[in-house]
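Asks: Can you look at this prediction? I've put the sequence above it.
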Amino acid sequence: MKELSLHILDIVTNSINAKSSLIKIKIIENTREDFLKIIIKDNGTGIKSDDIDKIQSPFYTTRKVRNVGLGLPFLKLAAESCEGKFNIKSEENEGTEVTAVFKRSHIDRAPLGKIEETILTILNFSEKFDLIYMHEINSSKFCFNTREVKSVLEEDSIKDPKVLIWIREYIKENIEDISLKNNIKTAYTML
């Protein structure tokens, strides 16, 4: 995949399908230690312990519509190809946590991409779950929580176009802000 945000979308889709009521996405960028870490954690149905190794193969899937499962294997390959690592922990009826670590400066590491667009796509799936998105660059942090947004919405849905536009801009501006604080050039700060 051309952007890491597309990997995130794919993994979060698995979390939604696993009936998660809370999904957490955390991105940690550390320029001093030269890593980028993506953590996706949910409280869904989890994965059977016997299936943990199997789901890391592209030739295994629990889906009925296709014969391969590419999301986790592609993310694992992307991380390991960039001097990183991949880990998945899961317990049935407790949830799953996927962690991918990349050497941040590796020439083959895909860009993060437009994470705000990915978050909007995720929010359009359903209102049956809450999403916490955290982004950290060195010591600068930003957090977006749908529970906070929902608490101030009166009659509007989080899927209302006006709300989604605000969310997109809010996420974009805050990522740009923490990038600038750390002198990191992104697609946003170079415009």
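Replies: The structure has been received and is ready for your questions.

Asks: Longest helix of this protein, counting residues only.
Replies: The helix spanning the most residues in the chain, taking DSSP state H as the definition, is helix 161-181.

Asks: contact partners of it?
Replies: Counting by CB atoms under 8 Å, 6 or more residues apart in numbering, the neighbours of helix 161-181 from elsewhere in the structure are 115-117, 119-120, 123-124, 133, 135-137, 140-142, 144, 149, 153, 156-158, 185-186, 188-189. Just so you know, the C-beta spots here come from the backbone N, C-alpha and C atoms, and that holds for glycine as well.

Asks: What's the mean pLDDT across it?
Replies: Averaging pLDDT along helix 161-181 gives 94.

Asks: Can you list the buried residues in it?
Replies: Taking 16 or more other CB atoms under 10 Å as the neighbour-count basis, helix 161-181 is seen to contain the buried residues 163-164, 167-168, 171-172, 174-176, 178-179.

Asks: Make a PyMOL selection of the buried ones in the contacts of helix 161-181.
Replies: Here is the PyMOL command that picks out the buried ones among the contacts of helix 161-181, judged by 16+ other CB under 10 Å:
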select buried, resi 115+116+119+120+123+133+135+136+137+140+142+144+149+158
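
Asks: Strands - which of the contacts of helix 161-181 land there?
Replies: Using DSSP state E to define strands, the subset of the contacts of helix 161-181 located there is 133, 135-137, 140-142, 144.

Asks: Of those, just say which sits nearest to Thr31.
Replies: The shortest distance between Thr31 and any of the ones in strands among the contacts of helix 161-181, using CB to CB, involves Ile137 and amounts to 7.5 Å.

Asks: Run through the residues that contact the closest one.
Replies: Taking CB under 8 Å, 6+ apart as the contact definition, Ile137 lies against 29-31, 178-179, 181-182, 184.

Asks: quick one, helices of the chain?
Replies: Under DSSP H, the chain gives helices at 4-17, 71-80, 115-125, 146-152, 161-181.

Asks: Please render these as TSV that adds distance to Lys24 to the earlier fields.
Replies: Formatted as TSV, the helices of the chain follow (distance: least, CB to CB, whole Å):
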stretch	distance to Lys24
helix 4-17	9
helix 71-80	16
helix 115-125	12
helix 146-152	11
helix 161-181	15
